[in-house]
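Asks: predicted model follows, preceded by the sequence.
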Amino acid sequence: MIRQALPFVALLGLAACDGAAITGPAGGDDSSNTPSGGVCDGTTIVCMDEANSFTYDATKDEIHINNLPFDLDGTYQKVDGLTVDGQQVYRNADGARNYYALYVQGSNPLTAASVAATDSYIDYGYSGTMFRGTGDIDLPTDAQATYEGTYQGIRIYETGGAHGFSSGTVKMVVDFEDFDNTGLISTSIGNRVAYDASGAAIGTLPGLVVGDTQHSDGVIQATPISEGYGDTATGASGTLAGIFGGENGDQVAGVLVLEGPDALDADVRVRETGAFVIDQVSLIRP
């Protein structure tokens, strides 16, 4: 896909509105900033899109993201006073483009999910999604488990120059016994809310229809999601994926990515990237 950047004059105008500084050179190689444990390995840490490393520095309350162009050294600092459903919003500290990021941490520090996106391009621009588990987990083979929690997301408009946020509830039921070796995973997502760039709620979004899926060695395979049903779906669509983590798989970290007509304005197209870590709330054995 060819991504069209908004003119720098337009970006400067946007910066005046939202306070994002446009300074420094046009770009910057942040490849040297890859703390251990943050690089995607496809097994314990799974990344999609352009970004290939996400690390959270709790001491400085910063996210470090590698391989997104024009965010300078990939340092993302919190935006004071801006949260989405209780989740802190971060923005790149410097660079020629505006990026926004969320980092969702589980109770186990190794279990996390993160998303980053920019409103500085037409056609959505560059982005990143990451989910990570603890690795070496011993999943049950004779039980049914239920996981519940929330997700927080970033909404980017296709025409560029504007962004918002989102949230919703995620419920996942896993039959670890059947199918053999892979289990079966059924997910529902509802109570979705859209927010503007300042974090104010602007409307409710439809629940998401999620196809059943499976896991392979604890990694949950990508499954279709959509606003609507089957061939009659007219809303946004995309995928959800994740990974088990924590003690014996008692948490799930994941991301969802969907794009299409905005449920709040059918003449507008939007891409939503959301991150979640949900906790096991029940475990039933026969």
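Replies: Yep, that arrived.
Asks: so where's the stretch 101-250 of the chain uncertain?
Replies: Scanning the stretch 101-250 of the chain for pLDDT under 70 picks out 229-233.
Asks: strands of that one, residue ranges please.
Replies: With DSSP state E, counting those that start in this stretch, the ranges of strands along the stretch 101-250 of the chain come out as 112-118, 121-122, 127-132, 144-157, 163-175, 184-195, 201-205, 209-210, 215-216, 219-226, 237-245.
Asks: those strands: which one's closest to Arg269?
Replies: strand 144-157 (7.2 Å; C-beta to C-beta). Any C-beta I mention is one placed from the backbone N, CA and C, and that applies to glycine too.
Asks: tell me which other helices or strands the closest one touches.
Replies: strand 99-105, strand 112-118, strand 163-175, strand 251-262, strand 265-284 (3 or more C-beta pairs under 8 Å, 6 or more residues apart in numbering; DSSP states H and E).
Asks: the fourth one pairs with which strands, parallel or anti?
Replies: According to DSSP bridges, strand 251-262 has the following sheet partners: strand 237-245 (antiparallel), strand 265-284 (antiparallel).
Asks: list the buried residues in the longest one.
Replies: Read it as strand 265-284. 269-278, 280 (16 or more other C-beta atoms under 10 Å).
Asks: look at Arg97 and report its pLDDT.
Replies: pLDDT recorded at Arg97 is 96.
Asks: wait, it touches Ser120, no?
Replies: Yes - counting by C-beta atoms under 8 Å, Arg97 does reach Ser120; the two are 4.0 Å apart.
Asks: let's have the strands of the stretch 101-250 of the chain in a markdown table, adding mean neighbour count.
Replies: Putting the strands of the stretch 101-250 of the chain into a markdown table (neighbours: other C-beta atoms under 10 Å) gives the following:
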| stretch | mean neighbour count |
| --- | --- |
| strand 112-118 | 28 |
| strand 121-122 | 18 |
| strand 127-132 | 26 |
| strand 144-157 | 22 |
| strand 163-175 | 21 |
| strand 184-195 | 18 |
| strand 201-205 | 16 |
| strand 209-210 | 20 |
| strand 215-216 | 15 |
| strand 219-226 | 18 |
| strand 237-245 | 23 |
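Asks: mind checking those strands for the one nearest to Cys40?
Replies: strand 127-132 (6.8 Å).
Asks: angles on the backbone of Ala263, please.
Replies: phi -60, psi -20 (degrees, to the nearest 10).
Asks: so what's it up against?
Replies: Neighbour list for Ala263: 194, 203, 205-206, 227, 235-236 [criterion: C-beta atoms under 8 Å, 6 or more residues apart in numbering].
Asks: buried stuff in stretch 71-82?
Replies: Residues of stretch 71-82 classed as buried: 71-76, 78-79, 82 (neighbour count, 16+ other C-beta under 10 Å).
Asks: any idea how far that stretch is from the middle of the chain?
Replies: How far stretch 71-82 lies from its chain's middle: 16 Å, per C-alpha atoms, centre = their mean, to the nearest Å.
Asks: distance to Phe176 added to the strands paired with strand 251-262, as JSON lines?
Replies: Conversion of these to JSON lines gives the following (distance: least, C-beta to C-beta, whole Å):
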{"stretch": "strand 237-245", "distance to Phe176": "10"}
{"stretch": "strand 265-284", "distance to Phe176": "9"}
